[in-house]
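Can you look at this prediction? I've put the sequence above it.
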Amino acid sequence: MDALARLGLRPLQVAWFALALLAAAAGSDALADRSTSVRVLAAVLAYGGWAVGLGALLVPRSTSLTVARLLVPAGAVGAIAAAATQDAVAVVDLAAAIVASACVVLLLAPWSTDAFVDGSSYGPERRFALRTPAPVALLAVPVWAVAVAGALAGPVLL
């Protein structure tokens with residue numbers, strides 16, 4: 001774990017970049033029987049979210065942590081849902097789900113949070129994140145689900 005902590009955000013950034021390559025095939029397979037407008041909307045939302053997530057991971061700041069904690073788990077849910085909708089799960093679908101899950105685990109690791117929070121510090125200053133109390137952490141999942149569902153429902157309902 002110390003080796004991963006020393007690497008900082010690099011494993012997460014590499015995994016998030018690889019996820020775009022793996023999830024593209026999984027997403028196109030999952031949406032193959034949908035209409036063109038649904039496929040285009042899903043592709044725009046997925047790649048837009050991936051690009052914003054990549055920007056948040058490449059510029060570690062406190063605000064970037066919020067963006068990453070919204071988008072990275074959403075990417076994992078999307079990759080797992082794409083793999084689950086298939087009759088026969090392909091290797092690339094399984095790989096996308098595993099890489100997406102690894103992205104979530106790496107993002108929620110304490111050293112990742114510290115790297116984001118320390119990114120907002122001035123000069124030689126070092127900032128450390130406060131650890132989240134358990135009751136607050138339990139509320140984070142439903143609040144995240146409502147936020148992501150609301151953001152995704154808007155374009156779909158238009």
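Sure, I can see it.

if I look at the closest residue to Arg69 other than its chain neighbours, how far off is Ala74?
Leaving aside its sequence neighbours, Arg69 sits nearest to Leu107 (Cβ to Cβ, 6 or more residues apart in numbering; 6.7 Å). The C-beta positions use only the backbone N, C-alpha and C, and glycine is treated the same way. When Cβ to Cβ, to the nearest Å is applied, the distance between Leu107 and Ala74 equals 12 Å.

Touching both of the two, which residues are there?
Common contact partners of Leu107 and Ala74 (Cβ atoms under 8 Å, 6 or more residues apart in numbering): none.

hang on, the earlier thing: which residues does the residue nearest to Arg69 contact?
Leu107 sits in contact with Leu12, Ala68, Arg69, Val72, Pro73, where contact means Cβ under 8 Å, 6+ apart.

switch the cut-off to 10 Å
9, 12, 15-16, 53, 57, 65, 68-69, 71-73, 76, 113, 116 (Cβ atoms under 10 Å, 6 or more residues apart in numbering).

where's it relative to Ala51, distance?
If you measure Leu107 against Ala51 using Cβ to Cβ, the figure is 17 Å.

Same check on Ala109?
To Ala51, Ala109 is 23 Å away according to Cβ to Cβ.

Settle it for me: which of these two has more neighbours?
Neighbours per residue, other Cβ atoms under 10 Å: of Ala109 and Ala51, the larger number sits with Ala109, 17 against 12.

Give me the spatial nearest neighbour of the more buried one, chain neighbours excluded.
Using Cβ to Cβ, 6+ apart, the nearest residue to Ala109 is Leu4, at 7.2 Å.

Go ahead and report the secondary structure state at the most far-flung residue of the chain relative to its centre.
With Cα atoms, centre = their mean as the measure, the chain has its most outlying C-alpha, relative to the mean C-alpha position, at Pro124: 29.9 Å. Of the three states, Pro124 takes coil according to DSSP: H, G, I helix; E, B strand; the rest coil.

Tell me where the protein has helices.
Read by DSSP state H, the chain holds these helices, from start to end of the chain: 2-7, 10-30, 36-58, 62-84, 91-107, 110-118, 134-157.
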